[in-house]
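# model this:
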Amino acid sequence: MTLSLSPAAVCQCFTLVSLCTSAADPNWIQVRNVSDPNSKQLIYGVAFVLHAAQNLTDTGPIGGVNGWGMWLLYALAAVCYSSILFSSCSFLLDFLGSGKNYPRLIITLHICTVVLCLGALAICGTCYWVILHNLRKGLVGWFWDMRGAKGLQPSPGESFYIAILALLFSGLAATFSFSRVREHSPLGEYAPIEPGDSDSEPPSTREPGEEWGEVFPD
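Prediction:
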(Lines give C-alpha, C1' and ligand atoms only; values in the text may rest on other atoms or scores of the structure.)
Protein backbone atom coordinates (compact mmCIF):
# COMPACT_ATOMS: atom_id res chain seq x y z
CA MET A 1 0.00 0.00 0.00
CA THR A 2 1.58 3.25 -1.16
CA LEU A 3 0.95 6.50 0.67
CA SER A 4 0.64 9.50 -1.62
CA LEU A 5 -1.02 12.89 -1.67
CA SER A 6 -2.91 13.29 -4.90
CA PRO A 7 -4.35 16.71 -5.84
CA ALA A 8 -7.79 15.43 -4.80
CA ALA A 9 -6.46 14.39 -1.39
CA VAL A 10 -4.77 17.76 -0.87
CA CYS A 11 -7.98 19.64 -1.71
CA GLN A 12 -10.00 17.34 0.51
CA CYS A 13 -7.55 17.96 3.35
CA PHE A 14 -8.23 21.69 3.09
CA THR A 15 -11.95 20.89 2.94
CA LEU A 16 -11.73 18.92 6.17
CA VAL A 17 -9.85 21.72 7.91
CA SER A 18 -12.38 24.30 6.73
CA LEU A 19 -15.34 22.17 7.82
CA CYS A 20 -13.89 21.54 11.28
CA THR A 21 -13.17 25.25 11.67
CA SER A 22 -16.66 26.28 10.59
CA ALA A 23 -18.24 23.77 12.97
CA ALA A 24 -16.06 24.81 15.89
CA ASP A 25 -16.55 28.53 15.29
CA PRO A 26 -19.92 29.52 16.78
CA ASN A 27 -20.66 32.45 14.48
CA TRP A 28 -22.72 31.30 11.50
CA ILE A 29 -25.30 34.07 11.88
CA GLN A 30 -24.94 37.14 14.09
CA VAL A 31 -27.65 39.52 15.21
CA ARG A 32 -26.59 42.98 16.34
CA ASN A 33 -27.93 46.48 16.64
CA VAL A 34 -26.54 48.42 13.68
CA SER A 35 -27.55 51.74 15.23
CA ASP A 36 -25.48 51.10 18.37
CA PRO A 37 -22.02 49.59 17.75
CA ASN A 38 -21.46 49.08 21.47
CA SER A 39 -24.61 47.00 22.00
CA LYS A 40 -24.68 43.29 22.66
CA GLN A 41 -25.01 40.76 19.88
CA LEU A 42 -26.27 37.20 19.50
CA ILE A 43 -24.52 34.56 17.46
CA TYR A 44 -26.10 31.37 16.15
CA GLY A 45 -24.42 28.26 14.81
CA VAL A 46 -23.43 24.69 15.61
CA ALA A 47 -22.07 25.63 19.03
CA PHE A 48 -25.40 27.24 19.93
CA VAL A 49 -27.10 23.86 19.45
CA LEU A 50 -24.49 22.02 21.54
CA HIS A 51 -25.14 24.44 24.43
CA ALA A 52 -28.85 24.88 23.83
CA ALA A 53 -29.70 24.29 27.50
CA GLN A 54 -27.73 27.41 28.49
CA ASN A 55 -29.10 29.50 25.61
CA LEU A 56 -32.85 29.23 26.21
CA THR A 57 -33.18 32.96 26.82
CA ASP A 58 -31.52 33.79 23.47
CA THR A 59 -33.95 31.96 21.19
CA GLY A 60 -36.27 34.87 20.47
CA PRO A 61 -34.99 35.75 16.97
CA ILE A 62 -35.09 32.09 15.90
CA GLY A 63 -38.70 31.64 17.01
CA GLY A 64 -38.23 30.14 20.44
CA VAL A 65 -37.05 26.74 21.60
CA ASN A 66 -39.43 24.90 19.27
CA GLY A 67 -39.34 27.44 16.46
CA TRP A 68 -38.27 26.86 12.86
CA GLY A 69 -34.94 28.55 13.48
CA MET A 70 -34.02 26.12 16.25
CA TRP A 71 -34.86 23.10 14.13
CA LEU A 72 -32.82 24.55 11.28
CA LEU A 73 -29.87 24.92 13.63
CA TYR A 74 -30.23 21.26 14.61
CA ALA A 75 -30.23 20.34 10.92
CA LEU A 76 -27.18 22.55 10.36
CA ALA A 77 -25.25 20.76 13.10
CA ALA A 78 -26.20 17.34 11.68
CA VAL A 79 -25.19 18.29 8.14
CA CYS A 80 -21.89 19.81 9.31
CA TYR A 81 -20.84 16.72 11.22
CA SER A 82 -21.96 14.47 8.35
CA SER A 83 -19.86 16.49 5.92
CA ILE A 84 -16.86 16.18 8.24
CA LEU A 85 -17.37 12.39 8.32
CA PHE A 86 -17.58 12.07 4.53
CA SER A 87 -14.66 14.43 4.00
CA SER A 88 -12.41 12.55 6.42
CA CYS A 89 -13.31 9.19 4.86
CA SER A 90 -12.62 10.40 1.32
CA PHE A 91 -9.32 11.97 2.38
CA LEU A 92 -8.09 8.87 4.25
CA LEU A 93 -9.05 6.45 1.48
CA ASP A 94 -7.47 8.65 -1.17
CA PHE A 95 -4.35 9.16 0.96
CA LEU A 96 -3.96 5.40 1.56
CA GLY A 97 -4.08 4.72 -2.19
CA SER A 98 -7.51 3.11 -2.27
CA GLY A 99 -8.54 5.40 -5.10
CA LYS A 100 -6.85 3.09 -7.60
CA ASN A 101 -8.83 0.07 -6.46
CA TYR A 102 -12.12 1.78 -5.61
CA PRO A 103 -12.30 4.91 -7.79
CA ARG A 104 -16.09 5.04 -7.86
CA LEU A 105 -16.27 4.94 -4.07
CA ILE A 106 -13.83 7.84 -3.76
CA ILE A 107 -15.75 9.91 -6.32
CA THR A 108 -19.01 9.17 -4.50
CA LEU A 109 -17.54 10.37 -1.19
CA HIS A 110 -16.23 13.54 -2.82
CA ILE A 111 -19.60 14.28 -4.39
CA CYS A 112 -21.42 13.59 -1.11
CA THR A 113 -19.12 16.08 0.60
CA VAL A 114 -19.95 18.71 -2.02
CA VAL A 115 -23.69 18.09 -1.60
CA LEU A 116 -23.46 18.31 2.20
CA CYS A 117 -21.50 21.58 2.00
CA LEU A 118 -24.20 22.97 -0.27
CA GLY A 119 -26.82 21.73 2.19
CA ALA A 120 -25.10 23.47 5.11
CA LEU A 121 -25.01 26.77 3.23
CA ALA A 122 -28.65 26.38 2.17
CA ILE A 123 -29.78 25.65 5.74
CA CYS A 124 -27.82 28.62 7.04
CA GLY A 125 -29.41 30.86 4.43
CA THR A 126 -32.87 29.61 5.36
CA CYS A 127 -32.19 30.20 9.05
CA TYR A 128 -31.02 33.71 8.20
CA TRP A 129 -34.32 34.38 6.45
CA VAL A 130 -36.28 33.03 9.48
CA ILE A 131 -34.36 35.29 11.86
CA LEU A 132 -34.91 38.30 9.62
CA HIS A 133 -38.63 37.53 9.42
CA ASN A 134 -38.92 37.14 13.22
CA LEU A 135 -37.07 40.39 13.87
CA ARG A 136 -39.47 42.23 11.61
CA LYS A 137 -42.34 40.75 13.61
CA GLY A 138 -40.75 41.98 16.85
CA LEU A 139 -39.70 38.57 18.23
CA VAL A 140 -36.53 39.67 19.98
CA GLY A 141 -36.79 37.66 23.21
CA TRP A 142 -35.36 38.80 26.53
CA PHE A 143 -31.93 39.75 25.27
CA TRP A 144 -33.01 43.25 24.14
CA ASP A 145 -35.78 45.53 25.18
CA MET A 146 -38.17 46.81 22.54
CA ARG A 147 -36.43 50.18 22.39
CA GLY A 148 -33.13 48.58 21.45
CA ALA A 149 -34.70 46.15 19.03
CA LYS A 150 -35.45 48.69 16.32
CA GLY A 151 -32.02 48.56 14.70
CA LEU A 152 -31.48 44.80 14.95
CA GLN A 153 -30.09 43.29 11.79
CA PRO A 154 -28.81 39.73 11.10
CA SER A 155 -25.69 39.13 9.04
CA PRO A 156 -23.63 36.07 8.04
CA GLY A 157 -20.77 35.21 10.36
CA GLU A 158 -17.28 34.00 9.60
CA SER A 159 -18.32 30.34 9.72
CA PHE A 160 -20.59 30.90 6.73
CA TYR A 161 -17.70 32.18 4.63
CA ILE A 162 -15.43 29.38 5.82
CA ALA A 163 -18.10 26.91 4.69
CA ILE A 164 -18.04 28.54 1.25
CA LEU A 165 -14.28 27.93 1.19
CA ALA A 166 -14.91 24.28 2.12
CA LEU A 167 -17.38 24.00 -0.75
CA LEU A 168 -14.80 25.31 -3.23
CA PHE A 169 -12.12 22.88 -2.02
CA SER A 170 -14.51 19.92 -2.06
CA GLY A 171 -15.58 20.81 -5.60
CA LEU A 172 -11.93 20.89 -6.69
CA ALA A 173 -11.33 17.53 -5.00
CA ALA A 174 -14.27 15.96 -6.84
CA THR A 175 -13.05 17.42 -10.14
CA PHE A 176 -9.49 16.13 -9.69
CA SER A 177 -10.75 12.70 -8.67
CA PHE A 178 -13.07 12.46 -11.66
CA SER A 179 -10.36 13.55 -14.10
CA ARG A 180 -7.92 11.01 -12.67
CA VAL A 181 -10.43 8.21 -13.17
CA ARG A 182 -10.94 9.26 -16.77
CA GLU A 183 -7.18 9.24 -17.37
CA HIS A 184 -6.88 5.67 -16.08
CA SER A 185 -10.04 4.47 -17.78
CA PRO A 186 -9.50 1.28 -19.88
CA LEU A 187 -11.62 2.69 -22.69
CA GLY A 188 -9.56 3.34 -25.75
CA GLU A 189 -6.54 1.36 -24.52
CA TYR A 190 -5.50 -1.71 -26.47
CA ALA A 191 -3.05 -4.37 -25.41
CA PRO A 192 -0.05 -4.74 -27.76
CA ILE A 193 0.06 -7.88 -29.87
CA GLU A 194 3.19 -9.93 -29.48
CA PRO A 195 4.79 -11.57 -32.52
CA GLY A 196 4.27 -15.00 -31.03
CA ASP A 197 0.53 -14.64 -30.43
CA SER A 198 -1.62 -17.05 -32.32
CA ASP A 199 -3.99 -14.30 -33.39
CA SER A 200 -1.20 -12.47 -35.15
CA GLU A 201 0.10 -15.45 -37.13
CA PRO A 202 -0.90 -15.49 -40.78
CA PRO A 203 -3.15 -18.32 -41.88
CA SER A 204 -1.33 -21.37 -43.22
CA THR A 205 -1.43 -22.00 -46.94
CA ARG A 206 -3.53 -24.90 -48.04
CA GLU A 207 -3.47 -26.94 -51.17
CA PRO A 208 -6.38 -26.63 -53.56
CA GLY A 209 -9.18 -28.92 -52.49
CA GLU A 210 -8.17 -29.16 -48.80
CA GLU A 211 -10.82 -26.70 -47.83
CA TRP A 212 -13.46 -29.22 -48.94
CA GLY A 213 -11.78 -32.21 -47.35
CA GLU A 214 -10.75 -33.64 -50.75
CA VAL A 215 -7.53 -35.54 -51.06
CA PHE A 216 -6.01 -36.02 -54.49
CA PRO A 217 -3.78 -39.03 -55.17
CA ASP A 218 -0.19 -38.42 -56.25
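
# other SSEs contacting the strand or helix carrying Cys124?
Under the criterion of DSSP states H and E, Cys124 resides in helix 103-137. Packed against helix 103-137 by the contact rule (3 or more CB pairs under 8 Å, 6 or more residues apart in numbering; DSSP states H and E) you find helix 7-24, strand 29-33, helix 68-95, strand 152-156, helix 158-183. Heads up, the C-betas are built off the backbone N, CA and C, glycines and all.

# do that again at 10 Å, thanks
Judged by 3 or more CB pairs under 10 Å, 6 or more residues apart in numbering; DSSP states H and E, helix 103-137 is in contact with helix 7-24, strand 29-33, strand 41-44, helix 68-95, strand 152-156, helix 158-183.

# Make CSV out of these and add distance to Thr126, mean pLDDT and mean neighbour count.
CSV is the format used below for the helices and strands packed on helix 103-137 (distance: least, CB to CB, whole Å; pLDDT from 0 to 100; neighbours: other CB atoms under 10 Å):
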stretch, distance to Thr126, mean pLDDT, mean neighbour count
helix 7-24, 17, 92, 22
strand 29-33, 11, 85, 21
strand 41-44, 12, 84, 21
helix 68-95, 6, 91, 21
strand 152-156, 12, 85, 18
helix 158-183, 12, 89, 20
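
# Kindly reformat the ones you listed as CSV containing distance to Trp129.
As requested, these are exported to CSV (distance: least, CB to CB, whole Å):
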stretch, distance to Trp129
helix 7-24, 20
strand 29-33, 10
strand 41-44, 13
helix 68-95, 10
strand 152-156, 9
helix 158-183, 13
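
# which one is Ile29 nearest to, not counting chain neighbours?
What sits nearest to Ile29 in space, not counting adjacent residues and going by CB to CB, 6 or more residues apart in numbering, is Tyr44, at 4.6 Å.

# can you check Gly67 too?
Thr59 (6.9 Å).

# same thing with Tyr81?
Using CB to CB, 6+ apart, the closest residue to Tyr81 is Ala23 (6.9 Å).

# which residues sit in contact with the one you found?
45-47, 50, 76-77, 79-81, 83-84, 120, 159, 162-163, 166 (CB atoms under 10 Å, 6 or more residues apart in numbering).

# ditto for Met70
Neighbour list for Met70: Tyr44, Phe48, Val49, Ala52, Asn55, Thr59, Ile62, Gly63, Gly64, Cys127, Val130 [criterion: CB under 10 Å, 6+ apart].

# Is there a quick ChimeraX command that grabs whichever of the residues you listed are buried?
Those of the contacts of Met70 that count as buried under 16 or more other CB atoms under 10 Å are selected in ChimeraX with:
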select :44,48,49,52,55,59,62,63,127,130
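
# And the contacts of Met70, which is closest to Asp94?
Among the contacts of Met70, Val49 lies closest to Asp94 (CB to CB), at 30.5 Å.

# For stretch 135-153, give the distance from the opening residue to the closing one.
Start to finish, the residues bounding stretch 135-153 are 8 Å apart (CA to CA, to the nearest Å).

# Can you get me a residue count around the nearest residue to Phe178 once chain neighbours are set aside?
Using CB to CB, 6+ apart and skipping residues adjacent in sequence, the residue nearest Phe178 is Ile107, 5.8 Å away. Applying the criterion other CB atoms under 10 Å, we find 19 residues in the vicinity of Ile107.
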